[in-house]
Structures are given as C-alpha cells and as structure tokens.
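Q: Any chance you can model this:
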Amino acid sequence: MFWIDAGYIPYCIAKFLQKKTNLEFYAIFDINYVTQHFFRNQKIVNFKKTWFFRDYLSTHLKKPNLDYLSKFEEKSKINLWTLAFSERRFYKYNEYRKFTYDEILSITEEQCRFYEKVLDEVKPDFMITGGKDLHRNYLFGEVCKAKGIKILLLNRTRFPESMTISGGYDKLDDFSKIDESKHEIETTPTANLEEYLENHSPYKLTLKHIDKKYSDKKFKLSVWDILMRHLKFLIFICI
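A: Reported below is the predicted structural model:
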C-alpha cells in the first residue's frame with residue numbers, strides 16, 4: 001500500500017519496485033483536484049486498485065458517532081484527540097477557520113472509517129510513505145500499525161544526500177535480530193564520518209545551489225513575472 005501525496009516520491013518508488021517484484025500494488029492518492037487527472041489515467045505504475053482521499057470526504061459534516069470513535073480508540077490504542085490537536089488546521093492558530101469539537105470528530109470519524117474499509121479489503125503487508133506530517137497521513141500510519149502492517153517511512157538523515165527507511169521519524173529499527181552470518185555489518189570509523197560531513201556540508205551545498213541558480217539568466221525574473229507565478233500557484237495548484 002502506497003500513500004502518495006504531493007511529494008510523489010512513493011509513486012516513483014512504486015515505478016521501480018514493480019520492475020523487481022511481482023507484488024500487488026495499491027495506492028491512496030492525497031493530491032489536489034488539478035493533479036488528479038494525470039493519476040486517474042496514468043499507466044506508468046500498475047496499481048491493482050487506487051483510492052483518491054478527497055473523494056471520501058463529505059462536504060457537509062454530520063454529528064459524530066461517539067460510540068464508534070470510542071470503540072475505535074479502544075481497539076487501536078490510538079488517542080484521536082492527541083492527533084487532532086497536533087494538526088495545525090484544527091488548532092487555535094488557524095486564522096481562517098475555527099473548527100468545533102463536533103466538526104473535528106466528524107472529520108476524524110470519516111477518515112477512520114475510510115482507512116478501516118480500505119485496509120480490511122486489501123490487507124497489505126507493507127505501507128510505503130514519504131512522510132507522516134499531517135493529521136490524515138499520520139492517522140493512516142497509526143491505523144496500519146494497529147493492524148500489524150509494517151511501515152516503511154522515508155526519512156531524511158543528518159547526512160546530506162542520504163536517506164533511511166524505518167518505521168518512524170528519527171527512528172532506527174531494531175537490527176538485533178539480523179543474522180550477522182548472512183549480512184556484512186561494518187562500522188564506519190569516526191574519522192571517516194567527520195571527513196564525509198566536511199565534504200558534504202549542507203550549508204556549502206545550499207550556497208553552491210543558490211549561486212548556480214541565480215547566476216542563470218532564466219531565474220532573473222521581473223516583479224511582474226514573480227507576481228504572476230504566485231497568482232497561478234494560488235489559483236491552479238492550491239485548489
């Protein structure tokens with residue numbers, strides 16, 4: 001099961017994984033309506049079935065079913081209010097919309113029912129995602145864990161141009177059960193790590209990228225060009 005959002009990295013991973021495996025691929029797309037047209041018609045990745053997250057959200061919120069939510073928390077061991085208050089759109093800092101308790105619970109209930117329906121239908125062994133940084137994808141990851149589904153989360157590391165795959169943010173999975181006779185495990189000397197960090201400084205790489213970008217004439221935009229690009233982003237991308 002792939003959770004694919006605007007980062008598209010899991011989609012790219014799926015493209016290459018299908019060349020190496022005979023597994024069944026499924027995907028939930030959490031993308032805006034403008035981008036959906038491509039993914040509804042794409043033939044690059046052979047997904048057995050796909051769902052588009054926004055198709056399963058109601059435009060009219062209803063009274064939440066507290067009995068369902070209570071039973072859901074009990075069996076999954078997920079504290080739904082803790083997750084809700086970690087979502088910036090639900091919390092007090094949202095200047096555009098103040099959600100009521102019932103509205104938050106109604107949205108959460110819709111998500112929980114949708115996730116349970118999908119996972120009970122597919123019963124995946126793994127869930128691959130590029131991040132769990134919003135209420136909806138974090139909750140999906142927690143529901144997967146509650147059902148015993150292995151999370152494969154792509155994480156940035158403290159090393160530039162390097163990433164890890166683990167079950168959570170800033171977390172290394174337990175390697176104690178690995179049979180060392182079948183896997184070569186090498187320890188990198190501290191001096192080598194210090195040399196690597198010196199030669200791959202994020203600060204230096206960023207400066208190099210900025211210097212290269214703005215030395216190119218095509219990036220030297222007028223105020224009007226910058227304004228029009230912002231308007232196009234607001235109108236066509238943020239829908």
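Q: what does the helix or strand containing residue 145 contact?
A: When elements are assigned from DSSP states H and E, residue 145 belongs to helix 135-146. With Cβ atoms under 8 Å, 6 or more residues apart in numbering as the test, helix 135-146 has contacts from 1, 3, 5, 28, 30, 53, 75-78, 80, 83-84, 86-87, 89-90, 108, 111-112, 115-116, 119, 124, 127, 129, 131-132, 151, 153, 167. Just so you know, the C-beta spots here come from the backbone N, C-alpha and C atoms, and that holds for glycine as well.
Q: where's that helix relative to the chain centroid, distance-wise?
A: Offset of helix 135-146 from its chain centre (Cα atoms, centre = their mean, to the nearest Å): 10 Å.
Q: Now whatever helix or strand comes next after it: buried residues?
A: Moving toward the C-terminus from helix 135-146, the next helix or strand (DSSP H and E) is strand 150-156. In terms of neighbour count (16 or more other Cβ atoms under 10 Å), strand 150-156 has its buried residues at 151-155.
Q: Point out the other helices and strands that strand 150-156 packs with.
A: Packing partners of strand 150-156 (3 or more Cβ pairs under 8 Å, 6 or more residues apart in numbering; DSSP states H and E): helix 9-20, strand 126-129, helix 135-146, strand 163-166.
Q: what pairs with that strand, and is each one parallel or antiparallel?
A: Looking at strand 150-156 with DSSP bridges, its partner strands are strand 126-129 (parallel), strand 163-166 (antiparallel).
Q: I'd like the average pLDDT over the last one.
A: Averaging pLDDT along strand 163-166 gives 78.
Q: residues of that strand that come out buried?
A: Buried-residue list, strand 163-166, by 16+ other Cβ under 10 Å: empty.
Q: Next: stretch 78-90.
A: Going by neighbour count (16+ other Cβ under 10 Å), the buried part of stretch 78-90 is 78, 80, 83-84, 87, 90.
Q: and the end-to-end length of it?
A: In stretch 78-90, first residue to last residue: 18 Å (Cα to Cα, to the nearest Å).
Q: Same check on stretch 145-157?
A: 23 Å.
Q: ok, now stretch 28-45?
A: Terminal-residue distance, stretch 28-45 (Cα to Cα): 13 Å.
Q: if we can go back for a sec, residue 200: which of the helices and strands packed on strand 150-156 is closest?
A: Nearest to residue 200 among those is strand 163-166 (13.4 Å), distances taken as Cβ to Cβ.
Q: Stretch 112-132 - what's its average pLDDT?
A: Stretch 112-132 shows a mean pLDDT of 92.
Q: Identify the residues contacting the longest helix along the chain?
A: The residue-count maximum for a helix in the chain (DSSP state H) belongs to helix 101-122. Contacts to helix 101-122, defined as Cβ under 8 Å, 6+ apart, come from residues 1, 26, 28, 49, 51, 53, 56-58, 61-66, 68-69, 72, 80, 83-84, 90, 99, 136, 139-140, 143-144, 147, 149.
Q: In strands, which of those appear?
A: Among the contacts of helix 101-122, the members falling in strands (DSSP state E) are 26, 28, 49, 51.
Q: Tell me the bridge partners for the last one.
A: Which is residue 51. Taking DSSP bridges as the rule, residue 51 bridges to residue 28.
Q: Burial check on it, number of neighbours?
A: 19 (other Cβ atoms under 10 Å).
Q: my guess is it meets residue 30, correct?
A: No - if you go by Cβ atoms under 8 Å, residue 51 and residue 30 don't touch, sitting 9.7 Å apart.
Q: Any chance of TSV for the helices and strands packed on strand 150-156, columns distance to residue 103?
A: Formatted as TSV, the helices and strands packed on strand 150-156 follow (distance: least, Cβ to Cβ, whole Å):
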stretch	distance to residue 103
helix 9-20	30
strand 126-129	26
helix 135-146	13
strand 163-166	34
